[in-house]
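Peer 1: predicted structure and sequence below. I'll ask about it afterward.
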Amino acid sequence: MLNHPTRLLFYITLMTGTLISVSSTSWMGAWLGLEINLLSFIPLMSNMNNQFATEAALKYFLTQALASAILLFSVITLSLNTHLTFSGFHDNIPLSTAICSTLLLKMGAAPFHFWFPGVMEGLDWFNGLILMTWQKIAPMMLISYVWTPNQFSFCIILICIITGSVGGFNQTSLRKIMAYSSINHLGWMLAAVLLGESCWLTYFGFYVFLSTSVVLLFHAYQLSHINHFFGLPIDNPVLKLALFCNLLSLGGLPPFLGFLPKWIIIQSLVAHHYTALVTLMVIFTLGALYFYLRMGYSAFMLTHAHPKWLPLTPFSPVLQAVTLFLLSLSLVGLAIGPLLIPIL
């Protein structure tokens, strides 16, 4: 992770760019923070020993540069009529739509997701986790300033959920499956933005927690494809249970903690009379749960071959303790969830 001293500098500037965008009071400052964040993440993605990582970094740079150019053009056009603040442009539908589209492109939401699965495929698990979680904070915070309940926002929410569900059906790469899962969760987060800042931050927090727990196990055993589950070198059945329970929790299966944020969003959307929207969201999210079950069911419920020459992956006691702690939270978290809803 920190095998080179300059990587620590890039991690610091990566976080600084996001904080500048989040705390900025003008669009120009937000654009500046996004650029600092972009230029810090590119060296972290690049790896001279892996041509796929270099290709992913190039794809990411070209896509983000296009989005930044369109965002800067929209901001300059906005400044001709109003000041460079986050207010005063809701009546200008073309400009607000352009700004929303560029921010959706930056975080890989459908239908602007053409780059996201390909970039995820070329990254290691740690950089992929950053791309799925931290890189979405600044665009989500900025889009919350311009996101209003209209036909455009409803269409984007449904397209994200449908794309995230259907896109992962025929995938065998775990990185692409996690990418389409992220697109599906983005649809729920964009719906939560319509309800307020606390709702989408709550959902995002649960998503980061569950994604981190899953990626931690993927990285520990160097899993890249679905067929790796059949020869999973886990002697401890509790750790195998942890992996598949966390996968089902990320899919939002009701007995697990991952259903709690969806429960909060469903209840809030119904309270705001978005009944048709939430019905379609729940129906299409079942597709995402299917490919989580496809990953876990066959490897966990059926017998599989385990070659005796397969070396065991070292699993440190600390990482094992963290994994079991995450499993316990995923299993019993929903039981204490109703106590937290009044606080939220």
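Peer 2: Received it, and whenever you're ready, just let me know what you need.
Peer 1: quick one: end-to-end length of stretch 162-182, please.
Peer 2: Criterion Cα to Cα, to the nearest Å; first-to-last residue distance in stretch 162-182 is 12 Å.
Peer 1: now it: mean pLDDT?
Peer 2: Regarding stretch 162-182, the rounded mean pLDDT is 92.
Peer 1: tell me the buried residues in that stretch?
Peer 2: Of all the residues in stretch 162-182, those buried under the rule 16 or more other Cβ atoms under 10 Å are 162-165, 167-168, 171, 174-182. Where you see a C-beta, it was placed from the backbone N, CA and C, and this is true even at glycine.
Peer 1: from the residues you listed, which is closest to T97?
Peer 2: For the buried residues of stretch 162-182, the residue nearest T97 by Cβ to Cβ is T163; the value is 19.2 Å.
Peer 1: got the contact list for that closest one?
Peer 2: Applying Cβ atoms under 8 Å, 6 or more residues apart in numbering to T163 gives the contacts A110, P111, H113, Y180, I183, N184.
Peer 1: do that again at 7 Å, thanks
Peer 2: T163 makes contact with A110, H113, I183, according to Cβ atoms under 7 Å, 6 or more residues apart in numbering.
Peer 1: again with G33
Peer 2: Applying Cβ under 7 Å, 6+ apart to G33 gives the contacts G17, T18, I20, S21, S24, A138.
Peer 1: looking at the buried residues of stretch 162-182, which are in helices?
Peer 2: When these are checked against helices (DSSP state H), the matches are 162-165, 174-182.
Peer 1: which one of the contacts of G33 is nearest to K106?
Peer 2: The nearest member of these to K106, counting by Cβ to Cβ, is A138 at 8.1 Å.
Peer 1: just the element for the closest one, please.
Peer 2: Using DSSP states H and E, A138 sits within helix 137-146.
Peer 1: which helices and strands does that helix pack with?
Peer 2: helix 5-23, helix 27-45, helix 93-107, helix 174-193, helix 197-220 (3 or more Cβ pairs under 7 Å, 6 or more residues apart in numbering; DSSP states H and E).
Peer 1: just the helices in the stretch 201-344 of the chain please.
Peer 2: Under the criterion DSSP state H, counting those that start in this stretch, helices of the stretch 201-344 of the chain are mapped to 237-251, 259-271, 275-301, 317-340.
Peer 1: and these, which is most packed in?
Peer 2: helix 237-251 (a mean of 22; mean count of other Cβ atoms under 10 Å).
Peer 1: can I see the domain layout of the protein?
Peer 2: Per automatic domain parsing, the domain ranges recorded for the chain read 1-122, 147-344.
Peer 1: least reliable of those domains by average pLDDT, please.
Peer 2: Among the domains of the chain, domain 147-344 scores lowest, with a mean of 82.
Peer 1: what about the helices of the stretch 201-344 of the chain, which gets the closest to T202?
Peer 2: Closest of these to T202 is helix 259-271, at 6.2 Å (criterion: Cβ to Cβ).
Peer 1: let's see that closest one as PDB, backbone CA atoms only.
Peer 2: Only the C-alpha atoms of helix 259-271 are listed here, as PDB (Å, rounded to 0.1, in the frame of the first residue of the first chain):
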ATOM      1  CA  PHE A 259     -31.200  -4.300   4.400                       C
ATOM      2  CA  LEU A 260     -31.300  -1.500   7.000                       C
ATOM      3  CA  PRO A 261     -30.200   1.400   4.700                       C
ATOM      4  CA  LYS A 262     -32.600   0.200   2.000                       C
ATOM      5  CA  TRP A 263     -35.300   0.000   4.600                       C
ATOM      6  CA  ILE A 264     -34.700   3.600   5.700                       C
ATOM      7  CA  ILE A 265     -34.800   4.800   2.100                       C
ATOM      8  CA  ILE A 266     -38.000   2.800   1.200                       C
ATOM      9  CA  GLN A 267     -39.800   4.200   4.300                       C
ATOM     10  CA  SER A 268     -38.700   7.800   3.600                       C
ATOM     11  CA  LEU A 269     -39.600   7.600  -0.100                       C
ATOM     12  CA  VAL A 270     -43.100   6.200   0.700                       C
ATOM     13  CA  ALA A 271     -43.500   9.000   3.300                       C
END
